[in-house]
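K.L.:
any chance you can model this:
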Amino acid sequence: MFFVDFFAYILFQLLQFYKYAVIIYVIISMLVSFNIINTNNKIISIIMDFLFRLIEPLLRAIRKVIPSFGAIDISPVILIILIEAFQYIITKYGF
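P.N.:
Numbers count the residues shown, from 1 in each chain. Next comes the predicted model:
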């Protein structure tokens, strides 16, 4: 029972990290698109590349399922809702 609880806790924390990474990715993407931060900055470039490789595959899969709303991309919101749902299942049922 201990290992199941420990595994559920680790999975919950990984999902929490991923949720924060999605939020940071969206914020940095918005700042780049409004020319507030420059992608020529080496640190920003490294962070954006890391987050792109981490998050974009799931966002791409969601974009295939969800119809396009023009310039508005709601795939990060859908991803965060899915992460929250998995976290609820983990806490409610203990995995």
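K.L.:
buried set for the helix or strand hosting Leu51?
P.N.:
Under the criterion of DSSP states H and E, Leu51 resides in helix 42-65. Burial within helix 42-65, assessed by neighbour count using 16 or more other C-beta atoms under 10 Å, is assigned to Met48, Leu51, Ile55, Leu58, Leu59, Ile62. For every residue, glycine as well, the C-beta is placed using N, CA and C.
K.L.:
show residues contacting it.
P.N.:
Contacts of helix 42-65 from elsewhere in the structure, counted by C-beta atoms under 8 Å, 6 or more residues apart in numbering, are 18, 21-22, 24-25, 28-29, 32, 37-39, 73, 75-76, 78-79.
K.L.:
can you name every helix or strand that the next helix or strand after that helix contacts?
P.N.:
Reading on from helix 42-65 to the C-terminus, the next helix or strand found by DSSP H and E is helix 75-93. Applying 3 or more C-beta pairs under 8 Å, 6 or more residues apart in numbering; DSSP states H and E, we find helix 75-93 packed against helix 2-33, helix 42-65.
K.L.:
CSV please, covering these and showing distance to Ile83.
P.N.:
Rendered in CSV, the data for the helices and strands packed on helix 75-93 read as follows (distance: least, C-beta to C-beta, whole Å):
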stretch, distance to Ile83
helix 2-33, 5
helix 42-65, 10
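K.L.:
between the buried residues of helix 42-65, which is nearest Thr91?
P.N.:
Distances from the buried residues of helix 42-65 to Thr91 were compared by C-beta to C-beta; the smallest belongs to Leu58, at 21.4 Å.
K.L.:
which residues touch Phe86?
P.N.:
Phe86 sits next to Leu15 when contact means C-beta under 8 Å, 6+ apart.
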